[in-house]
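Asks: What follows is a predicted protein model with its sequence.
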Amino acid sequence: MCGIAGFVSARELDLDAAVRAMTGVIRHRGPDDEGVWIDPQAGVALGHRRLSIVDLSPGGHQPMVSASGRYILVYNGEIYNHQALRRDLETAGAAPGWRGHSDTEVMLAAIEHWGIEPTLKRLNGMFAFALWDRHDRSLTFARDRMGEKPLYYGVHGDTLLFGSELKALTAHPAFRPEIDREALGDFMRLGYVPAPASIWRGIRKLPPASWMTVAIDRLDRLDPVRFWDIADAARRGTAAPRTAGPDLTDDLESLLSDAVRLRMEADVPLGAFLSGGIDSSLVASLMQANASSPVRTFSIGFDDPAFNEAEHAKAVAAHLGTSHTELYVGMDAARDLLPALPEIWDEPFADSSQIPMFLVSRLAREHVTVALSGDGGDELFGGYNRHVTGARIWSRAASLPAPVRQLAGRALSHKLTGSLAEKAAGLLPGNRRMAGIAARLPKVGAVIGARSPMDFYGRLISQWQDEPLVPGARAALSLPEPPPFADFRDTMMFLDMTTYLPDDILVKVDRAGMGASLEGRVPLLDHRVVDFAWQVPLEAKIRDGRGKMILREILDRHVPRSLIERPKAGFAIPVGRWLAGPLRPWVEALIDPRRIAAEGYLDGALVADVWRRFLAGDVQLETRLWCILMFQAWLERQTPAAGARHAG
């Protein structure tokens, strides 16, 4: 796990100083070592910050030159099947005379022997890399299948910039800051900036499962291509689903166990995040089953019992026999993290679970260097409420004439106050209640008037609907085109896997972990598991009003159901209570009308209306307000020089 940065430039500048400035600002991603490789004649500079995980010796140092001297690689991530690839290369007579046992060296040897795209298709891991080809005078970028590792790139003037985080690119003298209003509009809807855009105009995110080669004399040719397509996996799996039953469950458990085992290889201490929920408990269970000694597990608890999951994690850890560490955090400590959020996440990011995620990462880093997480289970196996109740709502709403739906939607979304929403939530059966349900009920009114299933999904995931909060931004949300599934639940899971998972969940995991110099590994996103998940029939995922049923069945073999079964709560913190209480001065400084008007990015009247209604008890506005505040806090952290050039 590391950080990479670099550039190709025709301008006159100190290449070494420029690339070291880029890697210096991402030192947290790799505090153990740094390296630079420069070709002054080509104007190429590659930089690397290393968090040593596999092969702690100088044999794992980067940038790394291939055995022939043709390729130079800077790489962030882990290739979990590198030992198998090493054996394949040796069998093929392509072993270069190994200098160490790092996966970086194996990747370079594989590229020299098989070529870039065939190598990418063989890799099982998380990765983002830049590869300089001395022979062709070209730079190749690639990113892993599910988008676990980030890679930003863009051309500013006569310079191609790239890096693991935006701050590395902004540190280069060629960078010209200009906020992308379309990206800002999407951020306000979603709470994250969706790929391939970034908050900065002219800087893109390389899409997951993509690679791209750029010739240094044609920097305008930036055309990523896919080496793997999740849509193909989805089409194949849903066209020929497997039969639900014990054999299917056995096969998935065996595959998950192997994915976990592969991710337990490290030359440093490792552990797991444990919340006590289905996914993290399953990962911890399989880790312990693959270990010869107690696995280290970590959880964060909050003093407020309404937001505390630590007791559940402690009970699961006790049953499994893990070496468990928990830390109870007062709300003051969590609030103290707020000023650091824009620096850690690097572009506007408004998933408030980023706070406990960073806190548990920081806790784990005191004891280990690698931590496995259970992320991905909801997207792959139907774990979100929208997969269960959302599909049911749309099915019923679609049977009504559009004018009737729109009228009902306006009635339902009419400014429910907190007390009214709580009373409405109380009418639900006990087994369908969940944390924060009162705040979610008004969303029904916003979505049932949708024109199509895709419009329904877009409205369901959007914090803002048609309000012009960002003047000049497009009104509609752009979503990828899914395959023509027969069941709307598959459509939602596909869209979650290709948007929310890489652009929110995995960004959260990467930045929180790297902010604490901790490597996070996600076994449920092994591409073999993703392929398998599409072969699992819906009745094995969603049944009796609950999702992730097949994962529950596997977990039942390791942990008593009584320790797991409870309403889904998420990784929540009391943001609304903070904003209306102790953080009110901070909020009002960030959204001061004069400040909003001077900056020119947001509609001041809409911002003021949200704040007024929120203080009056409009519970549905908490997430909208958090999006506004996370952008304003991010904007405040930009340099004065950049701020002066932000118009655009």
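Replies: Alright, I've got the coordinates. Numbers count the residues shown, from 1 in each chain.
Asks: C-alpha from now on. contacts and neighbour counts both.
Replies: Noted.
Asks: if I pick the residue positioned nearest the centre of the chain, what's in contact with it?
Replies: Residue closest to the average C-alpha location in the chain (Cα atoms, centre = their mean): Leu506, at 1.7 Å. Residues near Leu506 by Cα atoms under 8 Å, 6 or more residues apart in numbering: Gly147, Glu148, Lys149.
Asks: how close does the second one sit to Leu46?
Replies: In other words, Glu148. Computed as Cα to Cα, to the nearest Å, the Glu148 to Leu46 distance reads 21 Å.
Asks: So for those two, which residue has more residues nearby?
Replies: More neighbours surround Leu46 than the other of Glu148 and Leu46, with 30 against 26 (other Cα atoms under 10 Å).
Asks: residues in contact with the helix or strand that contains Gln632?
Replies: Counting by DSSP states H and E, the element that carries Gln632 is helix 622-637. The contact list for helix 622-637 (Cα under 8 Å, 6+ apart) reads 187-188, 191, 339, 342-343, 346-350, 352, 463-464, 575-576, 587, 590-591, 607, 610-611, 614, 643.
Asks: and if you look at stretch 586-595?
Replies: Leu579, Gly604, Val607, Ala608, Leu629, Gln632, Ala633.
Asks: mind listing the strands in the stretch 1-150 of the chain by residue range?
Replies: Applying DSSP state E, counting those that start in this stretch to the stretch 1-150 of the chain gives strands spanning 2-9, 33-39, 44-50, 64-65, 71-79, 125-133, 138-143.
Asks: Distance from the third one to the middle of the chain?
Replies: Which is strand 44-50. Relative to its parent chain, strand 44-50 has a centroid offset of 24 Å by Cα atoms, centre = their mean, to the nearest Å.
Asks: repeat for stretch 522-530
Replies: Distance, centroid of stretch 522-530 to centroid of chain: 14 Å (Cα atoms, centre = their mean).
Asks: show me where pLDDT drops low in this protein?
Replies: 1, 55, 304-307, 331, 405-406, 408-443, 445, 566-572, 639-648 (pLDDT under 70).
Asks: residue with max distance from the center of it?
Replies: Here the centre of the chain is the reference, and by Cα atoms, centre = their mean the most remote residue is Gly93, at 38.8 Å.
Asks: who's in contact with it?
Replies: If a contact means Cα under 8 Å, 6+ apart, then Gly93 has no contacts.
Asks: Provide the secondary structure category for Val444.
Replies: Of the three states, Val444 takes helix according to DSSP: H, G, I helix; E, B strand; the rest coil.
Asks: Would you format the strands of the stretch 1-150 of the chain as a markdown table with distance to Val559 included?
Replies: Converted to a markdown table, the strands of the stretch 1-150 of the chain look like this (distance: least, Cα to Cα, whole Å):
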| stretch | distance to Val559 |
| --- | --- |
| strand 2-9 | 35 |
| strand 33-39 | 41 |
| strand 44-50 | 37 |
| strand 64-65 | 44 |
| strand 71-79 | 30 |
| strand 125-133 | 28 |
| strand 138-143 | 36 |
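Asks: Burial-wise, tell me which of these comes out on top.
Replies: Mean neighbour count (mean count of other Cα atoms under 10 Å) peaks for strand 2-9 among the strands of the stretch 1-150 of the chain, with a mean of 30.
Asks: just checking, what packs against it?
Replies: Packed against strand 2-9, as judged by 3 or more Cα pairs under 8 Å, 6 or more residues apart in numbering; DSSP states H and E, are the following elements: helix 15-24, strand 44-50, strand 71-79, strand 159-163.
Asks: among these, which is nearest Leu270?
Replies: Taking Cα to Cα, strand 71-79 is the member of these nearest to Leu270, at 14.0 Å.
Asks: Which strands and helices lie in contact with that closest one?
Replies: With contacts defined as 3+ Cα pairs under 8 Å, 6+ apart, strand 71-79 has these neighbours: strand 2-9, strand 44-50, strand 64-65, helix 103-114, strand 125-133.
Asks: what's the angle between that strand and helix 103-114?
Replies: Strand 71-79 runs at 120 degrees relative to helix 103-114, counting by axes from the mean of the first three to the mean of the last three Cα atoms, to 10 degrees.
Asks: Each with direction, which strands does strand 71-79 pair with?
Replies: Partners of strand 71-79 in the sheet, by DSSP bridges, are strand 64-65 (antiparallel), strand 125-133 (antiparallel).
Asks: Looking at these, which is nearest to Ser361?
Replies: strand 125-133 (18.5 Å).
Asks: Could you measure from the residue farthest from the centre of the chain over to Ser102?
Replies: 19 Å.
Asks: related to what we said a few turns ago, relative orientation of the helix or strand the residue nearest to the centre of the chain falls within and strand 2-9 in degrees?
Replies: Assigned by DSSP H and E, Leu506 belongs to helix 506-515. Using the same axes, to 10 degrees, the inter-axis angle of helix 506-515 relative to strand 2-9 is 100 degrees.
Asks: Pull out the CA atoms of helix 506-515 and give them to me as CSV.
Replies: The C-alpha trace of helix 506-515 is given here as CSV (Å, rounded to 0.1, in the frame of the first residue of the first chain):
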residue,chain,number,x,y,z
LEU,A,506,-14.1,2.6,-1.3
VAL,A,507,-13.1,6.2,-1.2
LYS,A,508,-14.0,6.3,2.5
VAL,A,509,-12.0,3.1,3.2
ASP,A,510,-9.0,4.2,1.3
ARG,A,511,-8.7,7.8,2.6
ALA,A,512,-9.5,6.8,6.2
GLY,A,513,-7.0,4.0,6.2
MET,A,514,-4.3,5.9,4.4
GLY,A,515,-4.9,9.0,6.5
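Asks: how about the nearest residue to Leu337, chain neighbours excluded?
Replies: Distance criterion Cα to Cα, 6 or more residues apart in numbering; nearest residue to Leu337, sequence neighbours excluded, is Ile355 at 7.2 Å.
Asks: Pretty sure the one you found sits in a helix.
Replies: Yes - counting by three-state DSSP, Ile355 is found in a helix.
Asks: That one contacts Asp336, doesn't it?
Replies: No - the criterion here is Cα atoms under 8 Å, and Ile355 misses it with Asp336 at 10.0 Å.
Asks: more neighbours, the two?
Replies: More crowded of Ile355 and Asp336, by other Cα under 10 Å: Ile355, with 20 against 9.
Asks: how much space between that one and Val74?
Replies: Distance, Ile355 to Val74, using Cα to Cα: 30 Å.
Asks: try Gly376
Replies: For Gly376, the distance to Val74 equals 27 Å [Cα to Cα].
Asks: repeat for Glu622
Replies: Glu622 is 41 Å from Val74, by Cα to Cα.
Asks: ok, back up a step: nearest to Lys541, of the strands of the stretch 1-150 of the chain?
Replies: Minimum separation from Lys541 across the strands of the stretch 1-150 of the chain (Cα to Cα) falls at strand 125-133, 25.3 Å.
Asks: Contacts for the closest one next, please.
Replies: With Cα under 8 Å, 6+ apart as the test, strand 125-133 has contacts from 4, 70-81, 138-145, 147-151, 164, 526.
Asks: and the angle from that strand to strand 138-143?
Replies: 170 degrees.
Asks: quick one: strand 125-133 to strand 44-50, angle?
Replies: 150 degrees.
Asks: export strand 125-133 as PDB, just CAs?
Replies: What follows is strand 125-133, C-alpha atoms only, in PDB (Å, rounded to 0.1, in the frame of the first residue of the first chain):
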ATOM      1  CA  GLY A 125      -5.800  -7.600  -6.200                       C
ATOM      2  CA  MET A 126      -6.300  -3.900  -5.600                       C
ATOM      3  CA  PHE A 127      -4.000  -1.700  -7.500                       C
ATOM      4  CA  ALA A 128      -3.300   1.600  -9.300                       C
ATOM      5  CA  PHE A 129      -0.100   2.000 -11.200                       C
ATOM      6  CA  ALA A 130       1.800   4.100 -13.700                       C
ATOM      7  CA  LEU A 131       4.300   2.300 -16.000                       C
ATOM      8  CA  TRP A 132       6.900   4.200 -18.100                       C
ATOM      9  CA  ASP A 133       7.900   2.400 -21.300                       C
END
